[in-house]
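**Student:** Got a sequence here, can you model it:
(one chain, ligands or ions: 1)
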Amino acid sequence: MSPLLECQRCKTHYQWERSQSALRLTYCGVLCEQADLGYSIEGLIRSEIRRSPSAVVLDVEKIVAGCQLELLSR
Ligand SMILES: [Zn+2]
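**Tutor:** Numbers count the residues shown, from 1 in each chain. Here you go, the predicted model:
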């Protein structure tokens, strides 16, 4: 069993595996994440992708290219 964490917002004790939040080590669930941040990370990522899919793809390609360079330089 994993240790109980305390939700930063509602102070509930919870197991992180059961949290639906993207920040599951901080919040007990999406609702607390959303209420505290004013948005949900998942929603933010999704709206970013909807707004400019090509930009996101470029970012991912940059990250992948960076990883490959790092691997090659080893
Ligand atoms: Zn909470």
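
**Student:** could you show me where the strands are in this protein, in order?
**Tutor:** Secondary structure of the chain by DSSP state E: the strands cover 4-6, 13-15.

**Student:** how about these, which one is nearest the ion?
**Tutor:** Nearest to the ion, of all the strands of the chain, is strand 13-15, at 7.2 Å by CB to the ion. Any C-beta I mention is one placed from the backbone N, CA and C, and that applies to glycine too.

**Student:** which outside residues touch that closest one?
**Tutor:** Strand 13-15 has contacts (CB atoms under 8 Å, 6 or more residues apart in numbering) with M1, S2, P3, L4, L5, E6, C7, C28, G29.

**Student:** Also stretch 42-61?
**Tutor:** Applying CB under 8 Å, 6+ apart, the contact partners of stretch 42-61 are A22, V30, Q34.

**Student:** Now the first one: phi and psi?
**Tutor:** Dihedral pair for A22: phi -70, psi -30, per degrees, to the nearest 10.

**Student:** How about the contacts made by it?
**Tutor:** So A22 contacts V30, E33, S40, I41, E42 (CB under 8 Å, 6+ apart).

**Student:** now the second one
**Tutor:** In this structure, V30 makes contact with Q20, S21, A22, S40, E42, judged by CB under 8 Å, 6+ apart.

**Student:** what's the answer for the last one, then?
**Tutor:** For Q34, the contact set (CB under 8 Å, 6+ apart) comprises S40, G43.
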